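Enquirer: need a structure here:
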Amino acid sequence: MLSALKAKYATIYDRKITTLFDSARVGRFSIEIDGLFFDYSKTNIDSETKDLLLKLTKKAGLYGKRSAMFLGEKINFTEDRAVLHTALRRSSGIVMVDGVDVIPGVLQTRTRMLAFAEKVRSGSLQGQGGAYTDIVNIGIGGSDLGPSMAYRALKPYSNRIKCHYVSNVDGAHITDVLADLNPQTTLVIVASKTFTTNETLTNAQTALQWMGKTVTNPADQFVALSSAKNKTAAFGINADHVFGFEDWVGGRYSVWGPIGLSLAIAIGHDNFNDFLSGAEAMDTHFQIADDSENLPIMLALIGIWHAQVAGYTTRAVLPYEQRLSRLPAYLQQLEMESNGKSVGIDGQDLNVASGPIIWGEPGTNGQHAFYQLIHQGTHIIPCEFMVAQQGHEPDLAHHHQLLQANCLAQSQALMLGRGLDAALAIAAAKGFEGSELDRQARHRVFKGNRPSTTLIYPKLTPYCLGQLVALYEHRVFVEGVILGINSFDQWGVELGKELATALGPVMQGTAPGPDNDPSTLNLVARLTAD
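Expert: From the prediction side, this is the model:
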């Protein structure tokens, strides 16, 4: 089916998107559900292309694989695990894994976690110096990106307690975060499922030493988000402060459960449940909506069209919402760790490109940084714009209107471009003549015809954020199914971890360097030289 799509693309690759528009195009190439409006009319997808793309889901067996995921079957076959981040946001129901219904345990952990969060928020649970004023979440990867992204996004709903996030093992990170905090009113959350993550445990020990300088029994002000109770006990963390989760929750999909504790403390019980409800609503939509009206499916198919058919190797995610500043980084991990594979489920090398490179920044900042390349560079970069109908600052409505205008203008400019005749007129108006007129005009030409999509949401609420994150989770799943890969393992990160563990003693001078890699041996010598 991809071959048919590639043949189609070969016939229309330089067709002007603007020629596709008639009075019905926007209605046919957009989706509106549950407050979200997704417009993909500014792509080179026509009705025939759309039909070919929709056939991919049937050929790939999407429906059966989707059901298998929601039912708790072990679709992550390389690790023999179910994939049940969706269970973490369920409000009811039955999901069986190895003959056990996991939903009662999910709900029990959620109730316990949210009760703990409310104790911290209310001040009934305090540090040695009184009510907690600050939370430091120590984690890395999904244990950091999820909660830190969501905390920034939902800042208007947070209370007096400030959340801080430490991920990098670089000592500068934890030093800068702890520098202005009071140890006696700081709660530290250590997020590591196995409680063995090297970077996280190194930072946790540093935080414990920092707190121990002024706090008696500093481990009392620590919380562990981990299933390794023996290791958390050895660290000194009270069992009542330990919240575990199962191995069927991948790190990059884990913000919905205990990994979201810092967010729950910040925004409270009701708002956190709204966050889960938005995701659960997207889960339902993904399972029941027809393919052509199914947001995750259509977002995935558009991604396949651009990356695997057209060969556009990158994708820019451009939220016109400052509080979504960490969303591109979050989606970067979600997509690139999930679908950055070169071997299919069958164990054979892929015969198509896998996931694209994901990157982006919030608007309007990106406009003054990398949009030059997007508009006039030699690479075609599909852009995914996001913007809210309403902001959270009614007294600054004019700011939001200007933000919206910029978002719409950028997608319009990418499609329309500017021809040579218009550029000549602009250059002539500036007084250029002759050969210099032509030279100056050519620098002002925008080829246009560059694809983009726009997602409009009502307002960045907890419910809406839940919808958006779940939408992209399912988009990644659909893409993985069509590409024939396992989106839920990440063996590519393992080798670097193993080698870093081996090189640790080398850097400390207690072991010899590698004898099979002269380059690394030389770099070690330079870094460890007096």
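Enquirer: look at Met1 and report its pLDDT.
Expert: Looking at Met1, its pLDDT reads 69.
Enquirer: and if you look at Ser519?
Expert: Note for Ser519: predicted pLDDT of 95.
Enquirer: Ala511 too?
Expert: Model confidence at Ala511 (pLDDT) stands at 91.
Enquirer: run a quick neighbour tally on the nearest residue to it once chain neighbours are set aside.
Expert: With sequence-adjacent residues excluded and distances taken as C-beta to C-beta, 6 or more residues apart in numbering, Ala511 is closest to Pro505, at 3.8 Å. All C-beta spots, glycine's among them, are computed from the backbone N, C-alpha and C. Other residues near Pro505 come to 11 when the count uses other C-beta atoms under 10 Å.
Enquirer: past the helix or strand hosting Pro505, which element shows up next along the chain?
Expert: Following DSSP states H and E, one finds Pro505 within helix 494-507. Using DSSP H and E, the helix or strand that follows helix 494-507 in sequence is helix 518-528.
Enquirer: next, the buried residues of that following helix.
Expert: Buried residues in helix 518-528, defined by neighbour count with 16 or more other C-beta atoms under 10 Å: Val524.
Enquirer: what's it packed up against?
Expert: Applying 3 or more C-beta pairs under 8 Å, 6 or more residues apart in numbering; DSSP states H and E, one finds that helix 518-528 makes contact with helix 494-507.
Enquirer: who's in contact with the helix it packs on?
Expert: The contact list for helix 494-507 (C-beta atoms under 8 Å, 6 or more residues apart in numbering) reads Asn198, Ala511, Pro512, Gly513, Pro514, Thr520, Val524, Leu527, Thr528.
Enquirer: repeat that with 10 Å
Expert: Residues outside helix 494-507 that contact it (C-beta atoms under 10 Å, 6 or more residues apart in numbering): 169, 197-199, 510-514, 517, 520-521, 523-524, 527-528.
Enquirer: for Ser254, state which of those is nearest.
Expert: Of all these, Thr197 has the smallest distance to Ser254: 13.0 Å, by C-beta to C-beta.
Enquirer: tally of neighbours for the closest one?
Expert: By other C-beta under 10 Å, 23 other residues sit near Thr197.
Enquirer: surely it and Leu225 touch.
Expert: No. Between Thr197 and Leu225 there is no contact under C-beta atoms under 10 Å: 11.3 Å.
Enquirer: joint contacts of these two?
Expert: In contact with both Thr197 and Leu225: Ile138, Gly139, Ser143, Val190, Ala191, using C-beta under 10 Å, 6+ apart.
Enquirer: among those residues, which lie within helices?
Expert: Among the shared contacts of Thr197 and Leu225, the members found in helices (DSSP state H) are Ser143.
Enquirer: ok, the shared contacts of Thr197 and Leu225 vs Gly344, which is closest?
Expert: Ser143 (28.8 Å).
Enquirer: pLDDT value on the closest one, please?
Expert: Ser143 is assigned a pLDDT of 96 by the prediction.
Enquirer: please name the residues that touch it.
Expert: 137, 165, 167, 189-193, 197, 200, 225-226, 251-252, 254-255, 258-259.
Enquirer: let's go with 6 Å and repeat that
Expert: With contact taken as C-beta atoms under 6 Å, 6 or more residues apart in numbering, Ser143 is in contact with Ala191, Gly251, Ile259.
Enquirer: what about those residues, which one has the most neighbours?
Expert: Of the contacts of Ser143, with other C-beta under 10 Å as the count, Ala191 tops at 32 neighbours.
Enquirer: pretty sure it contacts Gly139?
Expert: Yes. The pair Ala191 / Gly139 is scored as a contact, 3.4 Å apart, by C-beta atoms under 6 Å.
Enquirer: Three-state assignment for Val215, please.
Expert: Following DSSP: H, G, I helix; E, B strand; the rest coil, Val215 is assigned to coil.
Enquirer: how about it, phi and psi?
Expert: Reported as degrees, to the nearest 10, the phi and psi values for Val215 are phi -120, psi 130.
Enquirer: surely it meets Gln128?
Expert: Yes. Applying C-beta under 6 Å, one finds Val215 in contact with Gln128, separated by 4.9 Å.
Enquirer: overlap of the contact sets of these two?
Expert: Gln184.
Enquirer: which one of those two has more residues nearby?
Expert: Using other C-beta under 10 Å as the criterion, Val215 and Gln128 rank with Val215 on top: 20 against 17.
Enquirer: Val223 contacts Ile189, doesn't it?
Expert: Yes. Contact criterion C-beta under 6 Å: Val223 and Ile189 qualify, at 4.7 Å.
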